[in-house]
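Chemist: 3D model of this:
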Amino acid sequence: MMRGLRLMIFIPSLLILTNLQETSSHGDHPLSRIAIHEATLALTPLAYVKASPSILGLTTGQNSEWVTVEYSTPIPSVDDWIGVFSPANFSASTCPSENPRAYPPLLCSAPIKFQYANYSSPQYKDTGKGSLKLQMINQRSDFSFALFTGGFLNPKLVAVSNKVAFSNPNAPAYPRLAQGKKWDEMTVTWTSGYGISEAEPFVEWGPKGGVPIHSPAGTLTFERSSMCGAPARTVGWRDPGYIHTSFLKELWPNTVYVVLPYWPDSWYAYKLGHRLFNCTYIWSKEYQFKAPPYPGQDSVQRVVIFGDMGKGEVDGSSEYNDFQPGSLNTTKQLIQDLKNIDIVFHIGDICYANGYLSQWDQFTAQIEPIASSVPYMIASGNHERDWPGTGSFYGNMDSGGECGVLAQTMFYAPTENREKFWYSTGYGMFRFCIADTEHDWREGTEQYKFIEHCLASVDRHKQPWLIFLAHRVLGYSSDFSYAIEGSFEEPMGRESLQKLWQKYKVDIAMFGHVHNYERTCPIYQNICTSKEKHSYKGNLNGTIQVAAGGAGASLSPFTTLQTAWSLYKDYDHGFVKLTAFDHSNLLFEYKKSRDGKVYDSFTISRDYRDILACTVGSCPSTTLAS
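Modeler: Sure, this is the predicted structure:
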């Protein structure tokens, strides 16, 4: 859906105005609702907004805290709302040319979150008094809270609060682990307010009894001009700070790395640090992770896979369709089961910031307990990458002007080229080939050649479990959107790739994009290669196709058509977990986010030599007999 929005927001003596176009398959982004054609300043002497505490994060490493906002106005209405702005003050110098005004000073950013004034104060309309509890995270600047009356269509600014800030807004925050390019390498990416002209970033880690290792970190950032369009370059822009990545190398297989005041036997340490040029140190709080197993190592290995999770606000603010219950429930289930998870794959549509950059901080804060403990690997989705004229395969505007910059910078992946976001990675007995559906994957393309090399180069004796991952459905789906096209897939999705899946005996191909769960039979050329549904033995003779895009975003309906290859469908939020017990036994589980219980499952039992057997579509063109 195309929408042209003309956006204005008032705050004391501050005004923004922009023409904003945005597409979204999930309705308007909540921040884009604040599209005000005519706004007026109506500061009221008897109105006030007070926020406390004013100083946050007094404990080292504390990057989130609850703030109580109290407010009052003599003329309340049911559609009054509180907007959270950061930085608290803006100057005319921050306004891009896309937001022209005849007079300064100007505010050039949408609020980072909002809530209705009567959300937790049902008597607000009668009394004019209310309060909210809002969770704030460290986002490298201060905050102010503004009370607006008149709703979103004709807002009038009534009052603005005192400033609230973290004690050290520049502190390192939200570490994201990822697999490196070698099996014994882990990367740590985090965000801070320290540029390389201010401090040296590093990670401190090391074995018990030894001298801690300091691994330096590289630093990236980007400017407003790096964005490709509105709202990312206009009202959605927010300074991203600095993103640091350090490489921890030569890890011992399956060793747990943990930060503790005193390290017990067999445990290791890691924490984030910045050495200021006055020789003082800024430290993060303590984190832990486990090193990956050696390729082919025979140990229990557990993988979680999902797509389209998005972010939710635990305080109920800025509600975005069904993201709150879905996203937060998925996150909660993963945290509760973290001791039984070794690696996570989030296969596209990461946080649905759609050009509102503040949302990336809020997402990395949400997943911090997970991503700081296990590798959090991502794939590129349409809401990260797509923008006209930027080289994306699809010319839509789903990224809100981000055109891949945020995802490719905020998260590390072992790609050869960040702009070509396809890569391979292994984890013990697993090999994963991750495609980028926002670039051409068809036969003869650069990506197709990568996919074939990834599948062909696997040593199935060491890594018998071969998994293909991508965002858009390049296999089979009964989602309504695909069914009405008559394809049951992304157009041209599987035509080239299914020959590779069959030839190299891919066990499971898993996708997001459609916000539901579906599992097919082992399939090749629209034909089920097995009548079994839950207990597979020997060679599958086809590839099981799974849609797992229901981790948080608003759910997608299925077609009423009954397809012969669909074994299980679920219109609910959930995620997939794979458990490799050894080289011969794999367990697949689909769990609902609401309760963490298993609703669909199957097992594969076989000897690796079964994979070497010739099947339809995988036989060599000539044999000794011929």
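Chemist: all strands for the stretch 151-300 of the chain, in order.
Modeler: Counting by DSSP state E, counting those that start in this stretch, the stretch 151-300 of the chain has strands at residues 156-160, 165-166, 173-179, 186-192, 199-207, 213-220, 242-248, 256-258, 267-276, 281-283, 288-290.
Chemist: can you give me the angle the longest one makes with strand 173-179?
Modeler: Put simply, strand 267-276 runs at 130 degrees to strand 173-179, going by axes from the mean of the first three to the mean of the last three C-alpha atoms, to 10 degrees.
Chemist: what helices or strands is strand 267-276 leaning on?
Modeler: The contact analysis (3 or more C-beta pairs under 8 Å, 6 or more residues apart in numbering; DSSP states H and E) places strand 267-276 against strand 186-192, strand 199-207, strand 256-258, strand 281-283. C-beta: built from backbone N, CA, C; applies to glycine.
Chemist: so what's the closest residue to N585 other than its chain neighbours up against?
Modeler: Distance criterion C-beta to C-beta, 6 or more residues apart in numbering; nearest residue to N585, sequence neighbours excluded, is S605 at 5.4 Å. Residues in contact with S605 (C-beta atoms under 8 Å, 6 or more residues apart in numbering) are S535, Y536, K537, S584, N585, L586.
Chemist: for the stretch 51-200 of the chain, which segments count as helices?
Modeler: 124-127 (DSSP state H, counting those that start in this stretch).
Chemist: repeat for the stretch 351-500 of the chain
Modeler: 358-366, 368-371, 382-385, 405-410, 446-456, 480-483, 497-503.
Chemist: still on that earlier bit, partner residues bridging the residue nearest to N585?
Modeler: K537, N585 (DSSP bridges).
Chemist: for it, give its distance to V300.
Modeler: Distance of S605 to V300, given as C-beta to C-beta, to the nearest Å: 15 Å.
Chemist: ditto for A110
Modeler: From A110 to V300 the distance is 46 Å (C-beta to C-beta).
Chemist: and these two? Which one has more around it.
Modeler: Each of A110 and V300 has its neighbours counted (other C-beta atoms under 10 Å); A110 has more, 30 against 13.
Chemist: can you verify my assumption that that one contacts Y356?
Modeler: Yes: under the criterion of C-beta atoms under 8 Å, A110 makes contact with Y356 at 6.5 Å.
Chemist: point to the residue nearest the middle of the chain.
Modeler: I350 (2.7 Å; C-alpha atoms, centre = their mean).
Chemist: wait, that one sits on R385?
Modeler: No: here I350 does not reach R385: they are 10.6 Å apart, not a contact under C-beta under 8 Å.
Chemist: between those two, what contacts are shared?
Modeler: A407.
Chemist: returning to that earlier point: just the buried ones from the contacts of S605?
Modeler: Y536, L586 (16 or more other C-beta atoms under 10 Å).
Chemist: and P87, which of the helices of the stretch 351-500 of the chain is closest to it?
Modeler: Closest to P87 of the helices of the stretch 351-500 of the chain is helix 358-366 (C-beta to C-beta; 10.9 Å).
Chemist: return the residues in contact with the nearest residue in space to T245 that is not next to it in sequence.
Modeler: Distances taken as C-beta to C-beta, 6+ apart put T189 closest to T245, at 4.5 Å, once the chain neighbours are dropped. Counting by C-beta under 8 Å, 6+ apart, T189 makes contact with P175, R176, L177, A178, I243, H244, T245, M410, F411, Y412.
Chemist: leaving out the residues flanking it, which one is nearest to E384?
Modeler: A407 (3.9 Å).
Chemist: spit out the contact partners of the one you found.
Modeler: A407 neighbours (C-beta under 8 Å, 6+ apart): I350, I378, S380, E384, R385, F421.
Chemist: how about a cut-off of 7 Å?
Modeler: A407 makes contacts with I350, I378, S380, E384, as judged by C-beta atoms under 7 Å, 6 or more residues apart in numbering.
Chemist: turn those into TSV, including pLDDT and distance to F114.
Modeler: TSV is the format used below for these (pLDDT from 0 to 100; distance: C-beta to C-beta, whole Å):
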residue	pLDDT	distance to F114
I350	98	22
I378	98	28
S380	98	29
E384	97	24
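Chemist: which of the residues you listed fall in strands?
Modeler: Using DSSP state E, I378 are the members of those that sit in strands.
Chemist: dump the strands of the stretch 151-300 of the chain into TSV; add mean pLDDT and distance to L132 as well.
Modeler: Compiled in TSV, those are given as follows (pLDDT from 0 to 100; distance: least, C-beta to C-beta, whole Å):
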stretch	mean pLDDT	distance to L132
strand 156-160	88	14
strand 165-166	97	18
strand 173-179	98	24
strand 186-192	97	26
strand 199-207	91	35
strand 213-220	96	35
strand 242-248	97	31
strand 256-258	63	37
strand 267-276	85	32
strand 281-283	96	31
strand 288-290	88	34
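Chemist: let me have these in JSON lines, extended by distance to I434.
Modeler: Compiled in JSON lines, these are given as follows (distance: least, C-beta to C-beta, whole Å):
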{"stretch": "strand 156-160", "distance to I434": "46"}
{"stretch": "strand 165-166", "distance to I434": "35"}
{"stretch": "strand 173-179", "distance to I434": "11"}
{"stretch": "strand 186-192", "distance to I434": "16"}
{"stretch": "strand 199-207", "distance to I434": "25"}
{"stretch": "strand 213-220", "distance to I434": "21"}
{"stretch": "strand 242-248", "distance to I434": "18"}
{"stretch": "strand 256-258", "distance to I434": "24"}
{"stretch": "strand 267-276", "distance to I434": "25"}
{"stretch": "strand 281-283", "distance to I434": "33"}
{"stretch": "strand 288-290", "distance to I434": "21"}
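Chemist: quick check: which of those is nearest to Q135?
Modeler: Closest among the strands of the stretch 151-300 of the chain, once you apply C-beta to C-beta, is strand 165-166, at 12.9 Å.
Chemist: other SSEs contacting the closest one?
Modeler: Contacts defined by 3 or more C-beta pairs under 7 Å, 6 or more residues apart in numbering; DSSP states H and E place strand 165-166 against strand 55-56.
Chemist: and the strand it packs on, which strands flank it?
Modeler: Under the rule (DSSP bridges), strand 55-56 has strand 165-166 (parallel) as partners.
Chemist: any idea how far the partner strand is from the chain center?
Modeler: When distances are taken as C-alpha atoms, centre = their mean, to the nearest Å, strand 165-166 is centred 25 Å away from the chain's centroid.
Chemist: mind naming the longest helix for this protein?
Modeler: helix 323-336 (DSSP state H).
Chemist: tell me the angle the helix or strand following that helix makes with helix 323-336.
Modeler: Following helix 323-336 in sequence order, the next helix or strand is strand 343-347 (DSSP states H and E). Interaxial angle, strand 343-347 versus helix 323-336 (the same axes, to 10 degrees): 160 degrees.
Chemist: tell me the buried residues in strand 343-347?
Modeler: Buried-residue list, strand 343-347, by 16+ other C-beta under 10 Å: I343, V344, F345, H346, I347.
Chemist: wait, what's in contact with the third one?
Modeler: So the one you mean is F345. Taking C-beta under 7 Å, 6+ apart as the test, what F345 contacts is V303, I305, M377, F432, L469.
Chemist: perfect, that will be all.
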